[in-house]
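Undergrad: Here is a sequence together with a model predicted from it:
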Amino acid sequence: MTESPPVIGLRREREVLTVALRTNRHVVLEGPPGTGKSTLLRSIAAEVGQEVVFVEGNAELTPARLIGQYDPAAVLADGYVPSSFTDGPLLTAMRGSGLLYLEELNRIPEETLNVLITVLTEGEITVPRFGHVRAAAGFRLIAAMNPFDAVGTARVAQAIADRMCRVVLGYQDAAGERAIVAAVTAARPELIGLAVAAIGALTALFAAGTRVEQLSLRFWLAAGVSFAGVALVALGSGGDLSSDLKGDALAITGAATWAAYSVAIGPLMRQYSPFKISAFVLAAGWVPLVLSGLPQLAEQDFDLGALVWFLVVFATLGPLVLTNVLWFTAIDRVGPSRATLVTNLQPFLAALFAVVLLSEELSWLQVAGGLTIGLALVLARRRPALESA
């Protein structure tokens, strides 16, 4: 069994689910996307050594796909014998003492859900032409569902709901969200902020080393002041600066590659407009992104709803296309070193958005850090001279 991802928080929910499974109860986990329903189940299943049979719930999940069905070719050759029958995920879990995990329970057609009633009540099912199947001792049905008012969902019939224990999950607090980011990325968010600050310094070093820019002592002073401002913002977020070596290395590598990319683009700005460079970068970058994401794209359900597709278009035209055009324009007008120095505002702006969107509090260290970054930008406001080609 593959190693399960870590579970952050959810102590009470974990206890309730564990007790329910040990007392032979079937459970439905209810909560919005991203609250850890699948992660919680797989973690508990790994602890007790049970396999999880995964079923993606959608409008196309028929009773035959869930239970299993006869192979037509085998039936023509041998008739309706047990060897001609192919188990579906339900019978696989029932025979193997596993956990049947039904995702998106309230998106499954009612006709399909009705076959589960006797399974939930009696632990058995009768399949036409095949016969009676009784669940092994360790079989449990665990379902997950979004709140019933989410797009594309329907109310689950009372006959199903009454036969399952309901565990409700919600989004975690700010500290829990930071811990999740740290666990998934192997790096503390505070270290990522400092890595962003390092982009300006690395860009300046690359630009000076390749003679793309001639930088004054005043600029180096501004870079140091800006880095100190980002450190104040990171410390003011309430985290610490301890991290994982792998996560630190990834963060620094990302900063170094972005810095080298910004410096390499600088000389091209003398010959091409920001729009031409943006068009080329987006077209060239699209191919490897699609190739690397093909496995996920093959499994993706594109029935996402109008709002999700609107956000996809917004993310493409806004943060992707518009940001590239603005970034190359900034490099053209103020040079790569000063342009990347402005990106040090990102951690402070993120803290401001957290105040507005997540109701977080802004600490005095974060305010001091934002003012320090602003002072650094004032110190670095003069544009360096580019060497002639």
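TA: Noted; the coordinates are in hand. Here the structure is a predicted model, which means the values were calculated and not measured.

Undergrad: Helix or strand with the lowest mean pLDDT in this protein?
TA: Lowest mean confidence among the helices and strands of the chain (mean pLDDT, DSSP states H and E): helix 174-185, at a mean of 69.

Undergrad: which residues of this protein score low on pLDDT?
TA: Low-confidence segments of the chain, defined by pLDDT under 70: 1-6, 148-152, 178, 181-197, 237-248, 250-251, 304, 358, 382-389.

Undergrad: Spatially nearest residue to residue 208, not counting backbone neighbours?
TA: Leaving out its chain neighbours, the residue that sits closest to residue 208 by C-beta to C-beta, 6 or more residues apart in numbering is residue 215, at 5.5 Å. Where you see a C-beta, it was placed from the backbone N, CA and C, and this is true even at glycine.

Undergrad: How many residues are close by the one you found?
TA: Using other C-beta atoms under 10 Å, residue 215 has 20 neighbouring residues.

Undergrad: who are the neighbours in contact with it?
TA: Contact analysis of residue 215 by C-beta atoms under 8 Å, 6 or more residues apart in numbering lists 204, 207-208, 337, 384.

Undergrad: Now intersect those with the helices, please.
TA: 204, 207-208, 337 (DSSP state H).

Undergrad: right, and the pair among those with maximum separation?
TA: Greatest spacing in the ones in helices among the contacts of residue 215, by C-beta to C-beta: 208 and 337 (8.1 Å).

Undergrad: So which of the two has more stuff around it?
TA: More crowded of residue 208 and residue 337, by other C-beta under 10 Å: residue 337, with 31 against 17.

Undergrad: Now do the contacts for the more buried one.
TA: Taking C-beta under 8 Å, 6+ apart, we find residue 337 in contact with 200, 203-204, 207, 213, 215, 219, 223, 384.

Undergrad: Now with 6 Å, please.
TA: For residue 337, the contact set (C-beta atoms under 6 Å, 6 or more residues apart in numbering) comprises 203-204, 207, 213.

Undergrad: so what's it closest to, chain neighbours aside?
TA: residue 204 (4.4 Å).

Undergrad: And for the one you found, the neighbour number?
TA: 26.

Undergrad: next one: residue 268
TA: Using other C-beta under 10 Å, residue 268 has 15 other residues around it.

Undergrad: between the contacts of residue 337, which has the most around it?
TA: Counting by other C-beta under 10 Å, top hit in the contacts of residue 337: residue 203 with 31 neighbours.

Undergrad: what about that one, distance to residue 340?
TA: Separation of residue 203 from residue 340 (C-beta to C-beta, to the nearest Å): 4 Å.

Undergrad: what do these two both touch?
TA: Shared contacts of residue 203 and residue 340 (C-beta under 6 Å, 6+ apart): residue 262.

Undergrad: May I have the distance across stretch 335-346, first residue to last?
TA: For stretch 335-346, the first-to-last residue distance is 19 Å (C-alpha to C-alpha, to the nearest Å).

Undergrad: Show me what counts as buried in it.
TA: 335-346 (16 or more other C-beta atoms under 10 Å).

Undergrad: starting at the chain centroid, how far to that stretch?
TA: Taking the mean of its C-alpha atoms, stretch 335-346 sits 27 Å from the chain's own mean (C-alpha atoms, centre = their mean, to the nearest Å).

Undergrad: next one: stretch 14-33
TA: That offset, for stretch 14-33, works out to 24 Å (C-alpha atoms, centre = their mean).

Undergrad: now do the same end-to-end measure for it.
TA: End-to-end distance of stretch 14-33 (C-alpha to C-alpha): 18 Å.

Undergrad: what do you get for stretch 51-59?
TA: For stretch 51-59, the first-to-last residue distance is 25 Å (C-alpha to C-alpha).

Undergrad: contacts for it?
TA: 45, 89, 92-93, 98-105, 107-108.

Undergrad: Equivalent analysis for stretch 28-47, please.
TA: So stretch 28-47 is contacted by 1, 4-5, 7, 10, 17-18, 52, 99, 142-146, 164, 166-169, 171 (C-beta under 6 Å, 6+ apart).

Undergrad: Take these and keep only those in helices.
TA: Checking these against DSSP H, those in helices are 17-18.

Undergrad: filter the contacts of stretch 28-47 to the buried ones?
TA: The neighbour count (16+ other C-beta under 10 Å) marks 4-5, 7, 10, 17, 52, 99, 142-146, 164, 167, 169 as buried among the contacts of stretch 28-47.
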